[in-house]
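> I need the structure of the sequence given here:
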Amino acid sequence: MDPRESHGLKNDPDRRVWGMGPQPEFRVTVTLALSDAERLWNAARDRLLAAPGGCDEMVEETIGPVEAPQLADCIALLCAPSLVPGCSVDDFWVDAMPGLPSQDALAA
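Numbering: from 1, shown residues only. Here you go, the predicted model:
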């Protein structure tokens, strides 16, 4: 791309500058509907236990116990973006959507 064209990629005056022009950014969004909190928690637990130093204490500290799971933390753990060559993750978050069943109702 011609460096003079890269200025057209700038959509916010506060964006960082990379090289000779603005750094292009891309947003990938995934919306999940939770149908089985226990299955989600077990998958997150397995991921934590497979990590170096993984233990039951780490599980409870990170995602809570199965009786009271931290659902957003489970999703974040399982959906965190892996490295993409030539890119860096600028931001990553998990939000519960208002108006939907509460975490407590889904965990029960």
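> domains of the chain?
Residue ranges for the structural domains of the chain, counted by automatic domain parsing, are given in the record as 1-30, 34-107.
> go through those domains and find the least confident stretch.
Lowest mean pLDDT within the domains of the chain: domain 1-30, at a mean of 60.
> quick check: phi and psi at Gly53.
Main-chain torsions, Gly53, degrees, to the nearest 10: phi 80, psi 10.
> all strands for this protein, in order.
All strands of the chain, identified by DSSP state E, fall at 17-18, 21-22.
> run through the helices of the chain in chain order.
Per DSSP state H, the chain has helices spanning 37-50, 56-63, 71-79, 103-107. These are given in chain order.
> Thr29 is nearest to which of those?
Taking C-beta to C-beta as the criterion, helix 71-79 is the member of the helices of the chain that comes nearest to Thr29, at 11.2 Å. Yep, even glycine has a C-beta here, placed from its N, CA and C like the rest.
> who are the packing partners of that closest one?
Contact partners of helix 71-79 among helices and strands, from 3 or more C-beta pairs under 8 Å, 6 or more residues apart in numbering; DSSP states H and E: helix 37-50, helix 56-63, helix 103-107.
> need those in a markdown table (columns: mean neighbour count and distance to Pro85).
A markdown table is the format used below for the helices and strands packed on helix 71-79 (neighbours: other C-beta atoms under 10 Å; distance: least, C-beta to C-beta, whole Å):
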| stretch | mean neighbour count | distance to Pro85 |
| --- | --- | --- |
| helix 37-50 | 16 | 23 |
| helix 56-63 | 15 | 28 |
| helix 103-107 | 14 | 36 |
